[in-house]
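Engineer: predicted model, plus sequence, below.
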Amino acid sequence: MFARALVRRFPVLASRDFRLLFAERLLAPAAFGFSLVGVSFAVLQETGSTAELSYVLAAQIAPALIFTLIGGVVADRLRPQRVIAAANLMIALGEGTFGILVLAGHPVLWQMILLEAVTGTGMAIFYPASQALLPRVISADLLQQASALSRMAMNAGQMGGAVAAGLCVAAVGPGWALAACGLGMIATVPPLLRITVVAVRRTHHSGMLTDLRDGWSEFRSHTWLWAIVAQFGVILMAWYGSFQVLGPVVAKAGLGGPAAWGAIAAAESVGLIVGGLVSLRFTPRRPMLFVAGIGGLIAVSPLSLAMLWPLPMVCMASFGLGISMEMMMIQWTVALARLIPPERLARVSSYDVLGSVMAMPAGALVAGPLAAVIGVSVTQYGAVALIVVATALALIPRDVRALRSDEMLRRAGELARAAQSAGQATSSAAPMKADHRAA
């Protein structure tokens, strides 16, 4: 009875494949939440150096510069759920081995950098495949509901993982948290392999470089897309260095240590869940203007640490930012799925993530040494200024300010009809090819 009522309220749950994807998107972020807390405190425990923490976290992001584009091509050719399973196993290998080394003794810097590079490779391969999978599981009319529910599962999992990781690191150390991350990522593989989505039909075979050029042409043809990706390239560079690298340093020195850092991450995750609930009913009239504007609010994260707000205020700021960020991410996911042809979606998503994160290693590498010279808070104030300037520049193109939600729906209908016509043409051509071979 309850299950039927739930399906009536959320029709997307009637899909078996979506339920399997939902399970994976609950478990994987819960497992990775242990990494978000465990890695930073493992490095600080072993080295005590903000500079070496910068190097390790930069190694986690750097593989995106190489493997994201390859992952996009592969996900457009193969079943994306299998690509995600392979990516999750790479993360399990990197974080699980890191945890074992911490538990067994004292890992040296090059080992930590190498293992985080393995984890980063898995993360780079994961994103474009993840973006491509959801629209193939669910019809376009249910896409926003599916995106909101799946991201709510991801955020609930990450919240639980972050809280448990903070307690785990405080109680028994970061090695056990990293080992738990590895085991959890392995457990995501069975539900992924049961998803029945097939690869997109390819009407012709082309090489890797041709596929990459095709994806780039699609990416650069949308002004709203490249402008916002460029904005977030600057924002994420500034945020990663000032918050993700220097945040644990501030938490350790003035907020209460790993448990406090876990609480901050958990508060953001609660906000992300609330943002998902709001997004089940909320659609902004100008989605890209909304996305760009929310990007500017990310400045609150480093600002709260630079000013050393009390822990409850930092958590409240993270909670509010989480609500805004989740609403923004759902609109971005829906926009890509509605405005990009499905056969190019993974490749375009790979350019999206590459442009967004390619400067993050620089942010990580610079933050620690810069903070050692000019101070942690001054470095974080600088990051706030960069975020504000990048947001102002992103609002200049008219497409960012003017693209409306009803226009997106109209374009999505045109893409769906074009894809249906292409599929019918391919089906009609198959018997002709067979007759030609017979002749």
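Structural biologist: Everything's here; your move. Numbers count the residues shown, from 1 in each chain.
Engineer: quick check: which ranges of the stretch 151-300 of the chain have low pLDDT?
Structural biologist: 199-206 (pLDDT under 70).
Engineer: please, where are all the helices along it?
Structural biologist: Along the stretch 151-300 of the chain, counting by DSSP state H, counting those that start in this stretch, helices occupy 174-186, 189-193, 208-220, 223-239, 247-250, 258-279, 287-297, 300-306.
Engineer: excluding its backbone neighbours, what's nearest the spatially most central residue of the chain?
Structural biologist: With distances taken as CA atoms, centre = their mean, the chain has Tyr127 as the residue nearest its mean C-alpha position (6.2 Å). Closest residue in space to Tyr127, ignoring its immediate chain neighbours: Val353 at 4.7 Å, by CB to CB, 6 or more residues apart in numbering. All C-beta spots, glycine's among them, are computed from the backbone N, C-alpha and C.
Engineer: so that neighbour versus Gln131, what's the distance?
Structural biologist: Separation of Val353 from Gln131 (CB to CB, to the nearest Å): 8 Å.
Engineer: what does Gly296 give?
Structural biologist: Gly296 is 24 Å from Gln131, by CB to CB.
Engineer: could you do Arg410 as well?
Structural biologist: 22 Å.
Engineer: so between these two, which is more surrounded?
Structural biologist: Gln131 (24 against 11; other CB atoms under 10 Å).
Engineer: I'd guessed the more buried one sits against Ser349; true?
Structural biologist: Yes: contact criterion CB atoms under 8 Å: Gln131 and Ser349 qualify, at 3.8 Å.
Engineer: what about Ala86, how many neighbours?
Structural biologist: Neighbour count of Ala86, defined by other CB under 10 Å: 18.
Engineer: give the contact list for it.
Structural biologist: Gly122, Ile125 (CB atoms under 8 Å, 6 or more residues apart in numbering).
Engineer: element containing it, please.
Structural biologist: If you go by DSSP states H and E, Ala86 is part of helix 80-104.
Engineer: any idea how far Gly271 is from the nearest residue to Ser269 once chain neighbours are set aside?
Structural biologist: Of all residues not flanking Ser269 in the chain, Met159 sits nearest, at 3.0 Å (CB to CB, 6+ apart). Noted for Met159: a distance of 9 Å to Gly271, by CB to CB.
Engineer: ditto for Thr121
Structural biologist: According to CB to CB, Thr121 stands 30 Å off from Gly271.
Engineer: and if you look at Arg213?
Structural biologist: 40 Å.
Engineer: quick one, which of these two is more surrounded?
Structural biologist: Gly271 (24 against 13).
Engineer: let's see the pLDDT reported for the closest residue to Leu280 other than its chain neighbours.
Structural biologist: Spatial nearest neighbour of Leu280, excluding adjacent residues (CB to CB, 6+ apart): Ala148 at 5.0 Å. As predicted, Ala148 sits at a pLDDT of 83.
Engineer: secondary structure element for Ala148?
Structural biologist: For Ala148, the host element (DSSP H and E) is helix 143-172.
Engineer: quick one, that helix and helix 258-279 angle?
Structural biologist: 170 degrees (axes from the mean of the first three to the mean of the last three CA atoms, to 10 degrees).
Engineer: in helix 143-172, what's buried?
Structural biologist: By neighbour count on 16 or more other CB atoms under 10 Å, the buried set for helix 143-172 is 143-166, 168-170.
Engineer: count of residues packed around Met316?
Structural biologist: Met316 has 15 neighbours, counted by other CB under 10 Å.
Engineer: what's the pLDDT at it?
Structural biologist: At Met316, the pLDDT value in this model is 91.
Engineer: how about the contacts made by the spatially closest residue to it that is not a sequence neighbour?
Structural biologist: What sits nearest to Met316 in space, not counting adjacent residues and going by CB to CB, 6+ apart, is Ala267, at 7.2 Å. Counting by CB under 8 Å, 6+ apart, Ala267 touches Cys315, Met316, Ser318, Phe319, Gly322.
Engineer: wait, isn't Ile61 in contact with Thr119?
Structural biologist: No: counting by CB under 8 Å, Ile61 stays clear of Thr119, with 10.1 Å between them.
Engineer: with neighbour numbers in mind, choose between these two.
Structural biologist: Thr119 (29 against 26).
Engineer: surely Thr121 meets Phe67?
Structural biologist: Yes: here Thr121 reaches Phe67: they are 5.1 Å apart, a contact under CB under 8 Å.
Engineer: low-confidence ranges in the stretch 1-150 of the chain?
Structural biologist: 1-3, 140.
Engineer: go again with 80.
Structural biologist: 1-9, 36, 48-51, 54, 58, 61-62, 64-66, 76-78, 139-142 (pLDDT under 80).
Engineer: okay, helices next: where are they in it?
Structural biologist: Under the criterion DSSP H, counting those that start in this stretch, helices of the stretch 1-150 of the chain are mapped to 2-9, 16-47, 50-61, 64-77, 80-104, 109-137, 143-172.
Engineer: who are the contact partners of the residue nearest to Leu277 when sequence neighbours are not counted?
Structural biologist: Leaving aside its sequence neighbours, Leu277 sits nearest to Met152 (CB to CB, 6+ apart; 7.0 Å). Neighbouring residues of Met152 by CB under 8 Å, 6+ apart: Leu272, Ile273, Gly276, Leu277.
Engineer: ok, those vs Leu305, which is closest?
Structural biologist: Using CB to CB, Leu272 is the member of the contacts of Met152 that lies nearest Leu305, at 19.2 Å.
Engineer: wait, the closest one touches Ser324, no?
Structural biologist: No: if you go by CB under 8 Å, Leu272 and Ser324 don't touch, sitting 9.7 Å apart.
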